[in-house]
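> Model the structure of this input:
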Amino acid sequence: MLEEGSIAPDFTLDDDAGKPVSLSSFRGRKVVLYFYPKDDTSGCTKEACGFRDAYGSFIEKGAVVVGVSPDESGSHARFKAKYGLPFVLLADPEHRALEAYGVWAEKSMYGRKYMGVVRSTYVIGEDGVILKAFPKVSPEGHAAEILAAL
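Presented below is the predicted three-dimensional model:
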């Protein structure tokens, strides 16, 4: 994970509509940048719906929510439509942002090791500096935890 107080690495990834979006395009606003493993899986859906349900509160606090996973844009579009997600989802199949933020790592399940996304969130200030880092988060109640940090 990146250190709090460091500059958030900029990146450009395609959104759920296939259009390129740069992190730097959100300068001047707080960004809740959350990394998750896979669209439409139980934990990721719970986390995304938590952000969806609290989205108005994030906007009131001057923050935008941006989700990133290795899924392709089409998968993101279906996920957003299915659950009415009002925020941007970015596709990172080459793991560029995932690696830059230290969330693409070796994981283990049932004794088998593999590379995957460690569910993590960064709160980035209006100036592009990382204010808070949340490593290895639990999807349950995570949106409320982030709101409390804002």
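
> residue contacts, the nearest residue to residue 22 once chain neighbours are set aside?
Leaving aside its sequence neighbours, residue 22 sits nearest to residue 12 (Cβ to Cβ, 6 or more residues apart in numbering; 4.4 Å). Where C-beta positions appear, they are placed from N, C-alpha and C, glycine not excepted. For residue 12, the contact set (Cβ atoms under 8 Å, 6 or more residues apart in numbering) comprises 20-23.

> Please tell me the pLDDT value assigned to residue 12.
pLDDT, residue 12: 98.

> State the pLDDT value of residue 76.
So residue 76 comes in at 97 (pLDDT).

> ah, wrong one, I meant residue 112
At residue 112, pLDDT is 87.

> worst-scoring helix or strand of this protein, pLDDT-wise?
Scoring the helices and strands of the chain by mean pLDDT, DSSP states H and E places strand 104-109 at the bottom, with a mean of 86.

> Neighbouring strands - and their directions - for it?
strand 112-117 (antiparallel) (DSSP bridges).

> Pull the CA coordinates from the strand it pairs with and hand them back as CSV.
Extracted C-alpha coordinates of strand 112-117, given in CSV (Å, rounded to 0.1, in the frame of the first residue of the first chain):
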residue,chain,number,x,y,z
ARG,A,112,-3.4,-22.5,-3.7
LYS,A,113,-1.5,-19.3,-4.3
TYR,A,114,-2.5,-16.8,-7.1
MET,A,115,-2.3,-13.1,-8.0
GLY,A,116,-5.3,-11.0,-7.3
VAL,A,117,-6.7,-7.8,-5.9
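
> Break down this protein into its helices, ranges please.
42-53, 55-60, 73-83, 96-100, 142-149 (DSSP state H).

> Looking at these, spot the one closest to residue 126.
Evaluated with Cβ to Cβ, the helices of the chain place helix 55-60 nearest to residue 126, the distance being 14.2 Å.

> other SSEs contacting the closest one?
strand 63-69, helix 142-149 (3 or more Cβ pairs under 8 Å, 6 or more residues apart in numbering; DSSP states H and E).

> So for that helix, what gets flagged as buried?
Of the residues in helix 55-60, 55, 58 count as buried by neighbour count, 16 or more other Cβ atoms under 10 Å.

> my read: residue 10 touches residue 25, true?
No: counting by Cβ atoms under 8 Å, residue 10 sits too far from residue 25 to count as a contact (9.4 Å).
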